[in-house]
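1. Sharing a model that was predicted from the sequence below.
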Amino acid sequence: MPRKNRLFIQGFPHLTQLRGHNGEPLFREENDYTLFECSLALAAKRYAVAIHSYSLAAERIFLMVSAKDRQSLSRFIQYLGRRYVPYYNHRYQRYGALWESRYDCSPLQPSNYFLLVKRFIECDENGINSHHSEGVIPKNIIVPHPVWLNLADDEIQQQQRFKDFCRTPINPALITRIRDTLSQNCLLATPAVSKRLESQLACSLQARQRGRPRKYTSAKVDQWQELERHAAILLRQRGYQQVRLSLLEHESLLTEETPVPFNHTQLRRDGTTGCLRLVSRTSALQSMSRVWYSGTMFGQGPNDQSVQQSDQIGVEAFGMPGIDIELEQLVFQAHFFQRLGIADQIELHLNMLGDAHAFAAFRRALSAYYQPHAHLFTPEQEQQFKSHPEWLGNSSDTWLQQLAVAAPRIDAFISNDSQQRFTHLQLALNQIGIAWHHDTQLYPHNEYCQIVFEWRNNDDVVSRGGRYDACASRALEYPIAACGFALLVEPIARLLEQRKVELNPPYSVDIVIIASQPRVTIQTVLLARRLRQQFPELSIVTDSSQLRMATRHKNSRSQGAKITLEMEGDGYSLQLYKAECKEYEATNIDLIGDQLGPMLWL
């Protein structure tokens with residue numbers, strides 16, 4: 001089978017890894033590190049390769065480099081081997097290859113992952129102590145990337161901001177993702193960029209799990225109920241009140257886009273609109289309130305005419321302008337995902353948009369910046385330019401990426417109050433221990449302001465939300481603070497399926513009563529009614545099928561029944577089967593009530 005062609009994307013930095021053959025240590029003495037660093041400087045100069053970060057350890061070598069083409073990167077690696085390996089073999093009296101097979105390589109989207117990967121390399125996030133670069137030191141080897149230069153105006157501030165960034169918690173899911181993309185020679189990028197590049201290159205660029213993909217259609221009813229039950233418990237502890245929303249609405253209040261063309265009413269596109277209408281009609285909710293809902297939303301498809309269905313569990317809070325409520329909701333989501341057993345597979349992405357006026361000014365500046373190049377846009381890019389010019393900075397087109405480097409940045413439009421608000425939230429998350437990533441390319445589809453966030457698993461968004469004070473105030477026609485998010489059931493269910501996570505649901509049925517003879521069917525119904533009156537908290541069903549007895553017992557077990565009662569032909573005697581025992585106990589309808597209490601801890 002031919003080996004896979006190494007992935008190279010022009011204009012992207014590449015994370016590369018070299019390992020020793022059969023676990024051979026790559027460095028043994030201090031001089032080995034010094035010589036290899038000299039080889040790095042010579043190889044970079046010879047083949048015009050920019051080295052942004054490196055880490056040298058006996059177990060492996062990490063390099064983050066930018067090369068003009070595939071050949072330059074390959075020759076750069078070859079040159080390192082031709083200079084270092086003969087020295088190493090001669091010094092330690094060995095011969096043969098030093099590197100293990102081919103070098104690993106992973107392109108990475110600089111705007112979102114450059115600083116994260118640089119931290120991964122230089123802060124020993126791989127769990128191995130190493131000789132590594134520090135920011136832009138050593139200067140004879142390290143070439144600053146534009147993302148690094150955008151950290152601050154001078155080198156001292158750049159170093160300090162990077163050190164502050166390295167002190168924040170890091171999500172284990174991100175470490176796992178970097179390792180997977182590197183080992184599988186895949187792209188490390190946002191879902192949008194990955195999908196665009198996949199369509200252009202006609203190949204899969206994202207890391208996959210081993211083995212055949214698990215079949216998945218949609219969230220099962222019991223899985224949906226369990227997700228809602230887990231959420232309801234945690235939300236009730238935090239004082240959230242469940243509400244029911246109308247399935248039909250006249251107009252979506254939150255989204256800025258053109259609604260799906262229905263006559264006068266349409267299926268609800270989001271739960272926030274229903275919550276805002278509920279607040280406007282209920283005076284008790286207008287001062288300060290916490291509500292949550294669940295149900296199906298009908299959003300607009302990519303072709304602007306189709307309707308896409310999605311199941312959500314939404315959480316909204318009104319009348320609380322401080323960061324406390326945003327922190328509360330982020331902590332809730334972290335606790336919820338931890339309770340489901342998927343916390344190590346998702347990442348929290350944050351961005352600060354400023355208030356509504358700041359974000360509008362930012363969009364106007366972007367429109368003016370991109371206007372001279374508008375004639376070169378594709379139809380999709382032209383639509384983004386008109387409605388969401390901030391999305392152009394996340395394009396997979398190389399020329400747009402180069403153009404975006406000098407584009408206006410939202411930091412220049414955000415007020416000091418918004419900056420302090422974001423800083424306080426970051427410090428609070430660090431103190432709690434929630435890992436987060438400041439994603440400067442995270443811009444919402446809806447009309448959010450201030451904080452916006454997403455929880456992601458690779459190419460799936462499992463939760464999204466933020467603050468929308470301006471939108472809520474305009475809809476209600478009076479000032480109000482609003483913040484909320486939606487848990488997306490389908491992506492969470494897919495993640496649970498992939499991870500084979502069991503939610504350990506409670507038994508859906510407690511007792512199943514089976515009639516051994518058709519003539520005692522009425523007696524089983526009467527017994528079930530009597531037991532329901534005695535134990536109203538139990539779920540008790542009668543098996544009215546005419547299947548074989550063995551099949552009926554099997555069905556009882558598949559329903560999760562703790563107790564199965566088989567009524568004999570006399571209508572009085574019973575055989576009691578426990579779920580964990582194959583043997584039965586003989587009893588009767590007079591004694592069964594007293595026996596069930598101790599068995600079921602009632």
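-> Noted; the coordinates are in hand.

2. Tell me how far R557 lies from T521.
-> For R557, the distance to T521 equals 21 Å [C-beta to C-beta, to the nearest Å]. Yep, even glycine has a C-beta here, placed from its N, CA and C like the rest.

3. of the two, who's got more company?
-> T521 (15 against 12; other C-beta atoms under 10 Å).

4. Once you drop chain neighbours, what's closest to the more buried one?
-> A515 (4.8 Å; C-beta to C-beta, 6 or more residues apart in numbering).

5. Over to G466?
-> Closest to G466 by C-beta to C-beta, 6+ apart is V452, at 3.6 Å.

6. Spell out the secondary structure type for that neighbour.
-> strand (DSSP: H, G, I helix; E, B strand; the rest coil).

7. for it, what are its contacts?
-> Counting by C-beta atoms under 8 Å, 6 or more residues apart in numbering, V452 makes contact with 350-353, 442-444, 465-467.

8. what would those residues look like in TSV with distance to L276, secondary structure and pLDDT?
-> Below are these laid out as TSV (distance: C-beta to C-beta, whole Å; DSSP: H, G, I helix; E, B strand; the rest coil; pLDDT from 0 to 100):
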residue	distance to L276	secondary structure	pLDDT
L350	24	strand	91
N351	23	strand	90
M352	23	strand	90
L353	20	coil	88
L442	24	coil	84
Y443	22	coil	84
P444	17	coil	80
G465	15	strand	92
G466	15	strand	91
R467	14	strand	91
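
9. just checking, Q371 is part of a strand?
-> No: assigned with three-state DSSP, Q371 falls outside any strand and is helix.

10. State the distance from the spatially most central residue of the chain to Q333.
-> Centroid check for the chain by C-alpha atoms, centre = their mean gives R456 as the closest residue, at 1.5 Å. According to C-beta to C-beta, R456 and Q333 sit 12 Å apart.

11. again with Q534
-> 42 Å.

12. Comparing these two, which residue is more hemmed in?
-> Per other C-beta under 10 Å, whichever of Q534 and Q333 has more neighbours is Q333, with 24 against 15.

13. need the strands for the stretch 351-500 of the chain, in chain order.
-> Secondary structure of the stretch 351-500 of the chain by DSSP state E, counting those that start in this stretch: the strands cover 437-438, 449-457, 460-467, 482-488.

14. List the strands paired with the helix or strand where A586 lies, with their directions.
-> Following DSSP states H and E, one finds A586 within strand 584-588. Sheet pairing of strand 584-588 (DSSP bridges) gives strand 573-578 (antiparallel).

15. my guess is K554 is in a helix, correct?
-> Yes: counting by three-state DSSP, K554 is located in a helix.

16. for the stretch 301-450 of the chain, what are the low-confidence residue spans?
-> For the stretch 301-450 of the chain, applying pLDDT under 70 flags the ranges 301-306, 396.

17. same thing but 50
-> Along the stretch 301-450 of the chain, the model assigns pLDDT under 50 to no residue.

18. for the stretch 501-602 of the chain, same thing?
-> In the stretch 501-602 of the chain (pLDDT under 50), the answer is 506.

19. Do a quick rundown of the strands in it.
-> Going by DSSP E, counting those that start in this stretch, the stretch 501-602 of the chain shows strands at 511-515, 540-543, 563-567, 573-578, 584-588.

20. domain assignment for the protein?
-> Domain assignment for the chain by automatic domain parsing gives 14-201, 221-355+415-499, 511-599.

21. which SS state does F8 fall under?
-> F8 is classified as coil under three-state DSSP.

22. Quick one: residues contacting it.
-> Per C-beta under 8 Å, 6+ apart, neighbours of F8: 14, 67, 69-70, 73, 105, 107.

23. before we move on, the earlier item: select, out of the strands of the stretch 351-500 of the chain, the one closest to T273.
-> strand 482-488 (11.5 Å; C-beta to C-beta).

24. List the buried residues of stretch 586-602.
-> In terms of neighbour count (16 or more other C-beta atoms under 10 Å), stretch 586-602 has its buried residues at 587, 589, 592, 596.

25. of all those, which comes closest to D397?
-> Distance to D397 across these (C-beta to C-beta) is lowest for L596, with 68.6 Å.

26. Isn't that closest one up against R532?
-> No: the criterion here is C-beta atoms under 8 Å, and L596 misses it with R532 at 11.7 Å.

27. Quick one: list the elements packing against the helix or strand harbouring I178.
-> Using DSSP H and E, I178 sits within helix 172-183. The elements that helix 172-183 packs onto, with contact taken as 3 or more C-beta pairs under 8 Å, 6 or more residues apart in numbering; DSSP states H and E, are strand 14-19, strand 104-107, helix 110-122, strand 347-352.

28. and the angle from the helix or strand just after it to helix 110-122?
-> Counting by DSSP H and E, the next helix or strand C-terminal to helix 172-183 is helix 191-201. Using axes from the mean of the first three to the mean of the last three C-alpha atoms, to 10 degrees, the inter-axis angle of helix 191-201 relative to helix 110-122 is 100 degrees.

29. What are the contacting residues of helix 191-201?
-> 9, 109, 187, 189, 204-206, 394-396, 456, 458-461.

30. For the closest residue to M320 other than its chain neighbours, give me the backbone phi and psi.
-> For M320, ignoring the flanking residues on the chain, the nearest one in space by C-beta to C-beta, 6+ apart is A481 at 5.7 Å. Here is the backbone geometry of A481 (degrees, to the nearest 10): phi -90, psi 140.

31. wait, what's in contact with A481?
-> Going by C-beta under 8 Å, 6+ apart, A481 touches 318-321, 467, 469, 472.

32. so which of those residues comes closest to Q345?
-> Distances from Q345 to the contacts of A481, taken by C-beta to C-beta, are shortest for R467, at 26.3 Å.

33. what about the closest one, neighbour count?
-> R467 has 26 nearby residues by other C-beta under 10 Å.

34. Strands of the stretch 151-300 of the chain, start to end?
-> According to DSSP E, counting those that start in this stretch, the strands that the stretch 151-300 of the chain contains are 241-242, 248-249, 266-267, 289-300.

35. Out of the ones you listed, which one sits most buried?
-> strand 289-300 (a mean of 20; mean count of other C-beta atoms under 10 Å).

36. so for it, what's the average pLDDT?
-> Per-residue pLDDT values across strand 289-300 average out to 85.

37. Return the list of helices and strands in contact with that strand.
-> Contacting strand 289-300 under the criterion 3+ C-beta pairs under 8 Å, 6+ apart are the following elements: helix 221-237, strand 241-242, helix 271-281, strand 307-318.

38. ok, 10 Å please
-> helix 221-237, strand 241-242, strand 266-267, helix 271-281, strand 307-318, helix 323-340, strand 482-488, helix 489-499 (3 or more C-beta pairs under 10 Å, 6 or more residues apart in numbering; DSSP states H and E).
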